[in-house]
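A.B. asks: Output the structure for:
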Amino acid sequence: MTADDDGNDEAHSSGDPEMVTDGGSEASMVEYGIEDKPPLLESILLGTQHWLTMVGSTIAIPLVLAGFLGFDGAQTAQLVGTFFVVSGVATLAQTTIGNKYPIVQGGTFSMLGPAIAIITVMGGADGGASSTVMMRELQGAIIVAGAVEVLIGYLGLFGRLKRYIGPLVIAVVISLIGLALVGVGQITSPSQNWYLAGLTLGLIVLFSQYLDDYSRYFQLFPVLLGLGSAYLLALGLSVAGVVDIVSLSAVSEAPAVRDITPFQWGTPLFTGSFAVGMGAGMLASAIESFGDYHSVARMAGEGAPNKQRINHGLGMEGLGNMFAGIMGTGNGSTSYTENVGAIGITGVASRYVVQIGAIVMILVGYVGYFGAFVTTIPNAIVGGLFLAMFAQIVGVGLSQLQHVDLNQNRNVFVLGFGLFAGLSIPQYFGGLPNGALEAGFSNVPVLGSVLGIPEVATAIGIIGGTEIAVGGIAAFILDNTIPGSHEERGLQAWEDITEDEDAFEPYHERFMPGGESANEDLADD
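C.D. replies: Below is the predicted model of the structure:
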């Protein structure tokens, strides 16, 4: 939805949920729209809630990297803090001068695979190069991959593909964003405390789905209330000696302020094969972001993003990747799926709230006590949160099918094959031993000399092992080659709900000659 008229602004400022429509899209229940600014205290709580939803992944990725790199405890804590700072800065940039969607930026699992592959090639924590040298190689590869994404975004390559990407493809991509994460350790670990995970999930569902009509605070803060209640119970039982789930020792041992600076691990190193592998992970994350943009627009009651907004979003993500490489996260920066799910559950799509959350991220990164406190949240609580968030994302993906004629067999096949291929084929690639692809491709007639190149084989392996990439590519090819009318495929309805070309105004155009009205809008912001 938009807040272009005073009536909508007043309705949202009062906190009353309303059914909104935009650009011919279906109505969507939104508590706060993109342009709305809730009261400051409420915004701080809502922003903190956004930050909490991405804690699991933001901690999981650096912990995995630290293990492979052989980092000690102090280096690992420094890496976690760096992730928070980079996430906060990248989020502020994206929401302010990027695509201006209320979408959090942070580390990506799509680029974790290439990072682990690079570390393995260099010897890993058990030998070979030192941990800081390996990190410097990761930094260089990420900077190069980010520069390529900047070109992809600002040259409009993804935007040009938009006319060929309809609701079927988007439904597959968004659904796989959630489905691909069903195997995360916080959910599937055999040692998981399912009493605590179930309590967290139950509380979030209770507040967001059953009690939301009784109090607007249940609607606005289901994640904060669910996580907070479960954590306080776990902490109380731990202090009482009943169970040993939460330990606050990490907080007392943490430094007051962390010294997080550019090139803190050393000057980046640049190796061509590593950059190619990381580039493949970047492309997979770009496909995921493409789906996230549509998902956010859908949840916010807005029309589908136009090509200009998509291009600027991906271009800014490229700059975020370069910044991540400069700061030394060992990972990139992309749209956070967890926060997209939070928007759907809470109905809070305010860009202002997400920007408040970004400031919280930066503070948490530099203040050692806060970062250490986050690490005390049990995996079981994070797992319960993930179950709710990822389920919401799958549902949003499938909701795109309302624009498609599912009485047509070609549409049913494209949908089913895209989802099944996206979930199954990466399992094959993930089970291959190191070097198997390179050796196998070398024997392919004619093309073996090219496919067998280590960099090429690595790139294919990374793309083939990414659910979103496989499912999205499969659905894209089938949807554009199997005969079907624009109406059957939902392209006509898709075009009708896409925002106008002038709905998105790039930040730099506000300062161009003749941009008086734009400058006034900036002042209003």
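A.B. asks: how about the strands of the protein, start to end?
C.D. replies: For the chain, the strands defined by DSSP state E occupy 18-20, 28-30, 105-106, 334-335.
A.B. asks: Could you report the distance from residue 455 to residue 395?
C.D. replies: Taken as Cβ to Cβ, to the nearest Å, the spacing of residue 455 relative to residue 395 amounts to 39 Å. Glycine gets a C-beta too; all of them are placed from N, C-alpha and C.
A.B. asks: likewise residue 320?
C.D. replies: Distance of residue 320 to residue 395, computed by Cβ to Cβ: 28 Å.
A.B. asks: quick one: which of those two has more around it?
C.D. replies: Neighbours were counted for residue 320 and for residue 395 using other Cβ atoms under 10 Å; residue 320 has more, 27 against 14.
A.B. asks: where does the chain dip in pLDDT?
C.D. replies: For the chain, applying pLDDT under 70 flags the ranges 1-29, 56-57, 125-129, 338, 371, 503, 507-525.
A.B. asks: what about the longest helix in it?
C.D. replies: Identified as the longest helix of the chain according to DSSP state H is helix 272-299.
A.B. asks: If you tally nearby residues, what's the number for the closest residue to residue 253 other than its chain neighbours?
C.D. replies: In this structure, residue 253 finds its nearest non-sequential neighbour in residue 372, 7.4 Å apart by Cβ to Cβ, 6 or more residues apart in numbering. Burial measure for residue 372: 22 neighbouring residues, criterion other Cβ under 10 Å.
A.B. asks: likewise residue 193?
C.D. replies: In terms of burial, residue 193 registers 18 neighbours under the definition other Cβ under 10 Å.
A.B. asks: residue contacts, it?
C.D. replies: By Cβ atoms under 8 Å, 6 or more residues apart in numbering, the contact list for residue 193 reads 245, 378, 380.
A.B. asks: So which of the residues you listed are in helices?
C.D. replies: Per DSSP H, the contacts of residue 193 map to helices at residue 380.
A.B. asks: By neighbour count, which of the contacts of residue 193 wins?
C.D. replies: Of all the contacts of residue 193, residue 380 has the most neighbours under the rule other Cβ under 10 Å, reaching 25 neighbours.
A.B. asks: dump the residue contacts of that one.
C.D. replies: 186, 192-197, 200, 245.
A.B. asks: among the residues you listed, which ones are buried?
C.D. replies: 186, 192-193, 196-197, 200, 245 (16 or more other Cβ atoms under 10 Å).
A.B. asks: wait, which of those residues is closest to residue 483?
C.D. replies: For the buried ones among the contacts of residue 380, the minimum distance to residue 483 (Cβ to Cβ) is 43.9 Å, reached by residue 186.
A.B. asks: Verify the contact between residue 358 and residue 104 for me.
C.D. replies: Yes - Residue 358 lies in contact with residue 104 (Cβ atoms under 8 Å); the separation is 7.4 Å.
A.B. asks: which of these two has more neighbours?
C.D. replies: Neighbours of residue 358 and residue 104, each counted by other Cβ under 10 Å, are more numerous for residue 104; the result is 30 against 25.
A.B. asks: Next, show the common contact partners of residue 358 and residue 104.
C.D. replies: Here residue 358 and residue 104 share the contacting residues 87, 91, scored by Cβ under 8 Å, 6+ apart.
A.B. asks: mind listing which of the buried ones among the contacts of residue 380 are in helices?
C.D. replies: When these are checked against helices (DSSP H), the matches are 186, 196-197, 200.
A.B. asks: Please convert the residues you listed to a markdown table, extending it with distance to residue 70.
C.D. replies: Written out in a markdown table, the entries for these read as follows (distance: Cβ to Cβ, whole Å):
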| residue | distance to residue 70 |
| --- | --- |
| 186 | 24 |
| 196 | 31 |
| 197 | 31 |
| 200 | 33 |
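A.B. asks: any chance of the contacts of residue 380 in CSV, plus distance to residue 220?
C.D. replies: Conversion of the contacts of residue 380 to CSV gives the following (distance: Cβ to Cβ, whole Å):
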residue, distance to residue 220
186, 25
192, 29
193, 28
194, 28
195, 27
196, 24
197, 23
200, 18
245, 28
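A.B. asks: just those residues now: which is nearest residue 87?
C.D. replies: Using Cβ to Cβ, residue 186 is the member of the contacts of residue 380 that lies nearest residue 87, at 18.5 Å.
A.B. asks: Next, count neighbours for the closest residue in space to the closest one that isn't next to it in sequence.
C.D. replies: With sequence-adjacent residues excluded and distances taken as Cβ to Cβ, 6+ apart, residue 186 is closest to residue 383, at 3.7 Å. Neighbouring residues of residue 383 were enumerated by other Cβ under 10 Å; the total is 24.
A.B. asks: do the same with residue 436
C.D. replies: Residues within reach of residue 436, counting by other Cβ under 10 Å, total 13.
A.B. asks: residues contacting the residue nearest to residue 46 when sequence neighbours are not counted?
C.D. replies: If you skip the residues right next to it in sequence, residue 46 has residue 353 as its closest partner in space, 4.5 Å away by Cβ to Cβ, 6+ apart. Under the criterion of Cβ under 8 Å, 6+ apart, the neighbours of residue 353 are 32, 38, 43, 46-47, 50, 102.
A.B. asks: rerun that using 6 Å as the cut-off
C.D. replies: Contact partners of residue 353, counting by Cβ atoms under 6 Å, 6 or more residues apart in numbering, are 43, 46-47.
A.B. asks: Distance to residue 147 and neighbour count for these - can I get that in CSV?
C.D. replies: Output for these, formatted as CSV (distance: Cβ to Cβ, whole Å; neighbours: other Cβ atoms under 10 Å):
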residue, distance to residue 147, neighbour count
43, 34, 21
46, 34, 27
47, 31, 23
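A.B. asks: Which single one of the residues you listed is nearest to residue 228?
C.D. replies: Comparing the contacts of residue 353 against residue 228 with Cβ to Cβ picks out residue 46 as the nearest, at 13.7 Å.
A.B. asks: what's the spacing between that closest one and residue 382?
C.D. replies: As judged by Cβ to Cβ, residue 46 and residue 382 stand 20 Å apart.
A.B. asks: what does residue 495 give?
C.D. replies: On the measure of Cβ to Cβ, residue 495 and residue 382 end up 40 Å apart.
A.B. asks: Ok, residue 333 next?
C.D. replies: For residue 333, the distance to residue 382 - Cβ to Cβ - is 21 Å.
A.B. asks: More neighbours: which of the two?
C.D. replies: With neighbours defined as other Cβ under 10 Å, residue 333 and residue 382 compare such that residue 333 has more, 34 against 25.
A.B. asks: give me every residue that touches the more buried one.
C.D. replies: Applying Cβ under 6 Å, 6+ apart, one finds that residue 333 lies in contact with 90, 105, 320-321, 324.
A.B. asks: 7 Å - rerun?
C.D. replies: Residue 333 makes contacts with 86, 90, 105-107, 317, 320-321, 323-324, as judged by Cβ atoms under 7 Å, 6 or more residues apart in numbering.
A.B. asks: that older thread, among the contacts of residue 353, which are located in helices?
C.D. replies: In this view, those that belong to helices under DSSP H are 43, 46-47.
A.B. asks: Closest one of the residues you listed to residue 151?
C.D. replies: For the ones in helices among the contacts of residue 353, with residue 151 as the reference and Cβ to Cβ as the criterion, the closest is residue 47, at 32.3 Å.
A.B. asks: Now do the same contact list for that closest one.
C.D. replies: Contacts of residue 47 (Cβ under 7 Å, 6+ apart): 353-354, 356-357, 360.
A.B. asks: Could you do residue 376 as well?
C.D. replies: Neighbour list for residue 376: 246-248, 250-251 [criterion: Cβ under 7 Å, 6+ apart].
A.B. asks: Could I get these in CSV, plus columns for neighbour count?
C.D. replies: Supplementary listing: the contacts of residue 376 in CSV, determined by neighbours: other Cβ atoms under 10 Å:
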residue, neighbour count
246, 18
247, 12
248, 13
250, 17
251, 16
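A.B. asks: Nothing else from me, thank you.
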